[in-house]
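**Student:** Everything below, folded, please.
(chains A and B)
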Amino acid sequence: MSQGPDPATLALMAEARAQFAAALTAKATTLVEILGRRAWDDARRAAHRLRGSAGTYGFAEVGAAAASLEEGLLEAGGAPSPEVVARLEALAREVQAAADRAAGAAP
Amino acid sequence: MRDRTTDPDAEARADARSVFEVGRVIGGTYEIRALLGAGGMGEVYEAHDRTLNRRVALKVVRPSIADDYLLREGRALAAIRHPGIVTVHAMGREDDVPFLVLERVQGLSLDRMIEERRARGEPFGIGEALDLLVACADALAVVHRAGLAHRDVKPANVMLAPGGRVVLMDFGLVLPDADRAGRRTVAGSLHYMAPEALTGDVAEGAMHLVDVYALGVLAYELLTGADAFEESDPPALYRAKTRAIPRASDRRPDVPAPLDALVSQMMAPDAHDRPQGAEAVLWQLRTLRTRHAAGGQPRPFSVLVVDDDPDVREALALYVRSAAPDADIEVTGDGRQAVRSVRRRVPDLLLLDLDLPDINGIEVCMLLRGMQLGDACMIVSVSGRATRADVELLQQLGVRSLEKGPALATELVQLVQRMRPGR
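**Tutor:** Numbers count the residues shown, from 1 in each chain, chains lettered A, B, ... in the order given. Have a look, this model is predicted:
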């Protein structure tokens, strides 16, 4: 009958997760930089990827923050107003903070 | 084979006379030619459609059966279009008797075929049985994808038509999988009913697993020519079904071990332990058929991972390998490359991101389905932002959806394990 991964596999998964966590802060920093360049489409794609990869590795908070930023960028379209830009930057800071927390908490 | 269908109103029926006599014209169009069959629920006639000049089947239910019985069947059939599902033409009412006009499927029912083979001492060949089971599971998967449960899967309701066509019939007990009242109703054919269906205790959203159980009993009978359970009264039958799982190989040692395991798994007393739908059964049967055709040699479990994020590709490959260490895993970040790869070799499992840079995952699925390339492989979308509409569209394409989230690793590992019984 179906069951979860065995202990050896779980250890391997934990190692992969730790590696991903170690790179999380850099990924979030890159995302903030892309947003700072006002490269909206690249930022949306970076947010989307972080949303997916963080979710896949089980970093739900980072995934949710990246999802909010991605949705915000989708709603903003190609030429967001200064108010919207400020909101997007705030969302990006939340992603950064969540990534820092995840990286710090990961074993 | 035991195939009498029971339902809550069964005891109330007293009228044994035919509802319509031969020669009568129903609805000004359908001339009754012959009574094809009569059961507890109603009757099926062969009729001639005078307008379109074709043979049809005309179904009525006995007066004691609720009016919505036929309507439910008619609507369910109208929602599904598949060669393995009998086609509905029309619905009408004559002298306050509702009737359903169906495609007249010529052929032999599977229970008759099993009886004949048994009488001749010629069991179905393994390849022949796999072909029939694949066709049954394919039809049932379409029903499940439509959000329905058939609830009366049995050899008598499978017709073997000319040209190798296998048709699932009699949708009289069909209900939406999520129907709350239906899962508490004891209905079906006792011998094929899952334990939870015998006690009217089907879990919410799990009615399709009753069909999986019935398909398991059907598979057992097809392979062995014998009844899966000897008991006939409901309490004894319930005890038998929950006490031990029959193994086809006990009666027929040449049944391949993975097929034997799958058939037994389908008859697991606990619905959670069965394959979680006809789609999963279908995929496994197709793999077994391919392997059987290749002389029984298993080929490596092959997986294609399509995601534009290398981190996700790596994680998915890791999860797959944890359940299938010998898996042959190919990865790509490109939808077009994925299609090319499947054209070159159809993998057993395709894990597909929906949001890809060139063509998106749904387009990839449509391309594969259009080219009939994805039929032999299980396609699973793995996405972080699939909408409800995306998921519904994917379901129609026969694609299962997983979410990129904390449960993904476990869900994927379990999925791969279910896909590889006996490997």
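
**Student:** Could you list every helix and strand that the stretch of helix or strand B:E46 belongs to packs against?
**Tutor:** Element membership for B:E46, per DSSP states H and E: strand B:42-49. Judged by 3 or more C-beta pairs under 8 Å, 6 or more residues apart in numbering or on different chains; DSSP states H and E, the packing partners of strand B:42-49 are strand B:30-38, strand B:54-61. C-beta: built from backbone N, CA, C; applies to glycine.

**Student:** Touching the first one from outside, list them.
**Tutor:** The contact list for strand B:30-38 (C-beta atoms under 8 Å, 6 or more residues apart in numbering or on different chains) reads B:18, B:20-26, B:43-50, B:55-58, B:99, B:101.

**Student:** how close does the closest residue to B:E279 other than its chain neighbours sit to A:D42?
**Tutor:** Leaving aside its chain neighbours, B:E279 sits nearest to B:A141 (4.5 Å; criterion: C-beta to C-beta, 6 or more residues apart in numbering or on different chains). B:A141 is 41 Å from A:D42, where distance means C-beta to C-beta, to the nearest Å.

**Student:** residue ranges of the helices in chain A, please?
**Tutor:** With helices called from DSSP state H, chain A shows them at A:7-36, A:40-56, A:60-76, A:82-105.

**Student:** Minimum distance to B:A278: which of these has it?
**Tutor:** Nearest to B:A278, of all these, is helix A:40-56, at 28.3 Å by C-beta to C-beta.

**Student:** re earlier: what's the spacing between the residue nearest to B:E279 and B:M169?
**Tutor:** Distance from B:A141 to B:M169, by C-beta to C-beta: 16 Å.

**Student:** what does B:G147 give?
**Tutor:** Applying C-beta to C-beta, the value for B:G147 to B:M169 is 20 Å.

**Student:** List the residues that contact A:Q96.
**Tutor:** A:Q96 makes contact with A:25, A:28-29, A:31-32 under the criterion C-beta under 8 Å, 6+ apart.

**Student:** circling back: looking at B:A141 and A:D42, which one has more neighbours?
**Tutor:** More neighbours surround B:A141 than the other of B:A141 and A:D42, with 22 against 14 (other C-beta atoms under 10 Å in any protein chain shown).

**Student:** can you list the weak-confidence ranges in the chain?
**Tutor:** As the question left the chain open, I've gone with chain A. Counting by pLDDT under 70, chain A shows low-confidence ranges at A:1-6, A:106-107.

**Student:** hm, I was asking about chain B
**Tutor:** Within chain B, the segments meeting pLDDT under 70 span B:1-17, B:40, B:174, B:176-186, B:296-298, B:372-376, B:396, B:398, B:420-423.

**Student:** Of all residues in it, which one is nearest the centre?
**Tutor:** Central residue of chain B (C-alpha atoms, centre = their mean): B:L140, 2.0 Å from the mean position.

**Student:** show me what contacts it?
**Tutor:** Shown in contact with B:L140 (C-beta under 8 Å, 6+ apart): B:150, B:153, B:168, B:211, B:215, B:278, B:281-282.

**Student:** distance of it from B:V212?
**Tutor:** B:L140 is 8 Å from B:V212, where distance means C-beta to C-beta.

**Student:** between the two, what contacts are shared?
**Tutor:** Contact criterion C-beta under 8 Å, 6+ apart; residues bridging B:L140 and B:V212 by contacting each: B:278, B:281.

**Student:** By residue count, what's the longest helix in chain B?
**Tutor:** In chain B, with assignment by DSSP H, the single longest helix is helix B:126-145.

**Student:** Can you tell me the closest non-neighbouring residue to B:D67?
**Tutor:** B:P98 is the one closest to B:D67 (C-beta to C-beta, 6+ apart), at 6.0 Å.

**Student:** Contacts only, for the one you found.
**Tutor:** Residues near B:P98 by C-beta under 8 Å, 6+ apart: B:60-61, B:67, B:70-71, B:91-92.
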